[in-house]
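Asks: fold the following for me, if possible:
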Amino acid sequence: MKQALEQETPADLAVPGGHLHADPHGLQDVLRQLGVEADNAAYATGRTWGGAPNAERRVINAPADGQRIASVAFATAADYETVVQAATEAFKTWRLVPAPKRGDIVRQIGNKLRECKEPLGKLVSAEMGKILQEGLGEVQEMIDICDFAVGLSRQLHGFTMHSERPAHRMYDQYQPLGVVGIISAFNFPVAVWSWNAMLAAVCGDVSIWKPSEKTPLTAVAVQHIIKSVLADNDIPEGVFNLIIGDATIGAALAADRRVPLVSATGSTRMGRKVGEVVGARLGRALLELGGNNAIVVTKNADLNIAIRAIVFGAVGTAGQRCTSTRRVIIEDSIFEDVKQRLLAVYPKLPIGHPLQEGTLVGPLIDAAAVAAFTGALEKVQAEGGTLLTGGEVLSGAEYAGGHYVRPALVEVENHYATVQEETFAPILYLIKYSGDVQNAIDLQNDVRQGLSSSIFTLNMREAEAFLAASGSDCGIANVNIGTSGAEMSTVAAK
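Replies: Got it, this is the predicted structure:
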């Protein structure tokens, strides 16, 4: 496949290694370090790569400048069957490996990720568009979950209890489930895989990873990173699998009875489809979907810390986190103060290339995301919203080829249809409330999506009201910290 790509490449654009374009940020060296080729295979069952020779290929361009990074082949139905069969066969032996031994494999994977943190973090930033510190932070999350999983491998406790029958004892013990399908999203292209795959591995399960078709190169890199661990420990093919493709591969995982658990991260629309298909076959689904996350700011808040949290929550990762701050619900007596503070910050936000030092806001993932951003702003203004600042699509030499926008502040009412929906972009809606803090909580809960929430207050009663059963209905409820990020599992009504 690499030869075929080079035949299509104009000689004056080719660079050593078969990749394209000028390389001011040293990305070609990163790709070489990580084993990412100019053209990459459609699947891996561990150390072995494969794919149909004439498969569809997808070129991956950097969202920061539109330059070509590399390409990947998309898996066919036959490729999918090869991967599932390998996983199913590997499970028969992997489940019999003692949990602490499985944990040691994960420990070694964590160490390899430590060695490759810098180049992998840089590739995450280049392919997805998040700033370098966020890219490095994502790889650190992979390392951290490996450490957690190693400990878990020695704590898979069961219990015994007395039976009503004489001379009998009852045991409760967890057993491996089987093949776990992992469908990850573009915004956290590698961390989501590790959260699922490392825990599955120590529990005796094998995994099939279907990364976002928008960010498959980081997945290819991860597979190359772990292959030496698999080789050194003679891990059978099929324990850690990767398959690249579009939604048809995700649909196949959801419908496959050989995959008892499917973990999917993405939009609410996607999750609804996956949940329905998995549920119809009585399988199990773990869904981490969209959010319409709000921060409540009361008159008792420390605004110095609140403003910082609001800004990063809204513009970090260019507003492309499931936990990004979408709404700020502000008590009327301080509404103008908060608004003016935000208006003082927003025009100064450093927007630029994610690998450039000092950048806070990188590009959106693609042109469709830019269209969603501008479309939402048009709709919300038509409903009566007031655009306070931002909202432009940026152009000029420093933004050439990229998908850059200026984060927007909009004064709105919570009931607007546009506000009721999640827009995966840096739009922050400012909403006024009056009266008791419960009124703010009711506004926060009055959307169909949940996920994350926050309140800023120094009043203990307000904080407790927010955390109570009658408070936030989100899986994550924070006090005096922003909405973005999560460090523990959550289950909520929405």
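Asks: ok, then the element right after the helix ranked longest in the chain?
Replies: Scanning the chain for the helix with the most residues, using DSSP state H, yields helix 132-152. Under the assignment DSSP states H and E, the closest C-terminal helix or strand after helix 132-152 is strand 159-162.
Asks: pairing partners for the helix or strand just after that following strand, with directions?
Replies: Counting by DSSP H and E, the element after strand 159-162 in chain order, helix or strand, is strand 169-172. When pairs are called by DSSP bridges, strand 169-172 turns out to pair with strand 159-162 (antiparallel).
Asks: for burial, what's the neighbour tally of the nearest residue to Val278 once chain neighbours are set aside?
Replies: Excluding its sequence neighbours, the residue lying closest to Val278 (C-beta to C-beta, 6 or more residues apart in numbering) is Ala285, at 4.3 Å. C-beta coordinates here come from the backbone N, C-alpha and C atoms, glycine included. Ala285 has 17 neighbouring residues, counting by other C-beta atoms under 10 Å.
Asks: do you know the pLDDT at Ala285?
Replies: Note for Ala285: predicted pLDDT of 97.
Asks: next one: whatever helix or strand it lives in to chain centre, how far?
Replies: With elements delineated by DSSP H and E, Ala285 resides in strand 284-288, which encompasses its position. The gap between the average C-alpha position of strand 284-288 and the chain average comes to 14 Å, counting by C-alpha atoms, centre = their mean, to the nearest Å.
Asks: run through who's touching it.
Replies: Strand 284-288 is contacted by residues 177, 192, 196, 254, 260-265, 271, 274-275, 278-279, 322 when judged by C-beta atoms under 8 Å, 6 or more residues apart in numbering.
Asks: give me the three-state assignment for the residue most central in space within the chain.
Replies: Geometric centre of the chain, nearest residue: Phe188, 2.9 Å, by C-alpha atoms, centre = their mean. Secondary structure, DSSP: H, G, I helix; E, B strand; the rest coil: Phe188 is coil.
Asks: isn't it up against Val139?
Replies: No: in terms of C-beta atoms under 8 Å, Phe188 does not count as a neighbour of Val139; the distance is 10.9 Å.
Asks: just give me the neighbour total for Asp202.
Replies: Quick fix: residue 202 is Val, not Asp. 27.
Asks: report the contact partners of it.
Replies: Taking C-beta under 8 Å, 6+ apart, we find Val202 in contact with Ala99, Arg102, Gly103, Val106, Ala149, Val150, Leu152, Ser153, Leu156.
Asks: can you pull the contacts of the third one?
Replies: Under the criterion of C-beta under 8 Å, 6+ apart, the contact list for Gly103 reads Ala149, Val150, Gly151, Leu152, Ser153, Arg154, Val202.
Asks: for the residue nearest to the centre of the chain, what are phi and psi?
Replies: Its backbone dihedrals place Phe188 at phi -130, psi 80, with angles given as degrees, to the nearest 10.
Asks: hang on, the earlier thing: please check the contacts of Val202 and keep the buried ones.
Replies: When neighbours are counted using 16 or more other C-beta atoms under 10 Å, the contacts of Val202 contain these buried positions: Ala99, Arg102, Gly103, Val106, Ala149, Val150, Leu152, Ser153, Leu156.
Asks: what pLDDT is listed against the closest residue to the fifth one other than its chain neighbours?
Replies: Put plainly, it is Ala149. Take Ala149 and drop its neighbours on the chain: the residue closest to it by C-beta to C-beta, 6+ apart is Met198, 4.2 Å away. At Met198, the model reports a pLDDT of 99.
Asks: compute the inter-axis angle for the helix or strand encompassing Met198 and strand 284-288.
Replies: In this structure, Met198 sits in helix 191-202 according to DSSP H and E. Using axes from the mean of the first three to the mean of the last three C-alpha atoms, to 10 degrees, one finds that helix 191-202 and strand 284-288 are set 150 degrees apart in direction.
Asks: C-terminal to helix 191-202, which secondary structure element comes first?
Replies: strand 206-210.
Asks: show me what the helix or strand just after that next one packs onto, helices and strands only.
Replies: If you walk from strand 206-210 toward the C-terminus, the next helix or strand you reach (DSSP H and E) is helix 217-232. Counting by 3 or more C-beta pairs under 8 Å, 6 or more residues apart in numbering; DSSP states H and E, the packing neighbours recorded for helix 217-232 are helix 27-34, strand 68-73, helix 99-115, helix 117-128, strand 240-243.
Asks: with only the CA atoms kept, save helix 217-232 in PDB.
Replies: Coordinates of the C-alpha atoms in helix 217-232 are reproduced here as PDB (Å, rounded to 0.1, in the frame of the first residue of the first chain):
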ATOM      1  CA  LEU A 217      -3.400   7.500  13.200                       C
ATOM      2  CA  THR A 218      -3.000   7.800  16.900                       C
ATOM      3  CA  ALA A 219      -4.600   4.400  17.200                       C
ATOM      4  CA  VAL A 220      -2.100   3.000  14.700                       C
ATOM      5  CA  ALA A 221       0.700   4.500  16.800                       C
ATOM      6  CA  VAL A 222      -0.600   3.000  20.000                       C
ATOM      7  CA  GLN A 223      -0.800  -0.400  18.400                       C
ATOM      8  CA  HIS A 224       2.800  -0.100  17.400                       C
ATOM      9  CA  ILE A 225       3.800   1.100  20.900                       C
ATOM     10  CA  ILE A 226       2.300  -2.000  22.600                       C
ATOM     11  CA  LYS A 227       3.500  -4.600  20.000                       C
ATOM     12  CA  SER A 228       6.900  -5.100  21.700                       C
ATOM     13  CA  VAL A 229       5.200  -5.900  25.000                       C
ATOM     14  CA  LEU A 230       3.000  -8.400  23.200                       C
ATOM     15  CA  ALA A 231       6.000 -10.000  21.500                       C
ATOM     16  CA  ASP A 232       8.200 -10.100  24.600                       C
END
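Asks: which positions within that helix qualify as buried?
Replies: 217-227, 229-230.
Asks: stretch 124-134 now?
Replies: Buried, per 16+ other C-beta under 10 Å, within stretch 124-134: Val124, Ser125, Ala126, Glu127, Met128, Gly129, Lys130, Ile131, Leu132, Glu134.
Asks: same deal with stretch 340-347?
Replies: Using 16+ other C-beta under 10 Å as the burial criterion, the residues of stretch 340-347 that qualify are Arg341, Leu342, Val345, Tyr346.
Asks: what mean pLDDT does it get?
Replies: Per-region confidence: stretch 340-347 scores 98 on mean pLDDT.
Asks: neighbouring contacts of it?
Replies: The contact list for stretch 340-347, computed with C-beta under 8 Å, 6+ apart, reads Leu303, Ile307, Ile310, Val311, Leu388, Thr389, Gly390, Pro407, Leu409, Leu428, Leu430.
Asks: before we move on, what about stretch 363-380?
Replies: Under the criterion C-beta under 8 Å, 6+ apart, external residues in contact with stretch 363-380 comprise 63-64, 128-129, 186-187, 214, 318, 320, 354, 387, 391, 393, 402-405, 408, 410, 412, 416-419, 421, 423-427, 429.
Asks: related to what we said a few turns ago, quick one: contacts for the residue nearest to the centre of the chain?
Replies: Contacts for Phe188 were tallied using C-beta under 8 Å, 6+ apart; they are Glu138, Thr265, Arg321.
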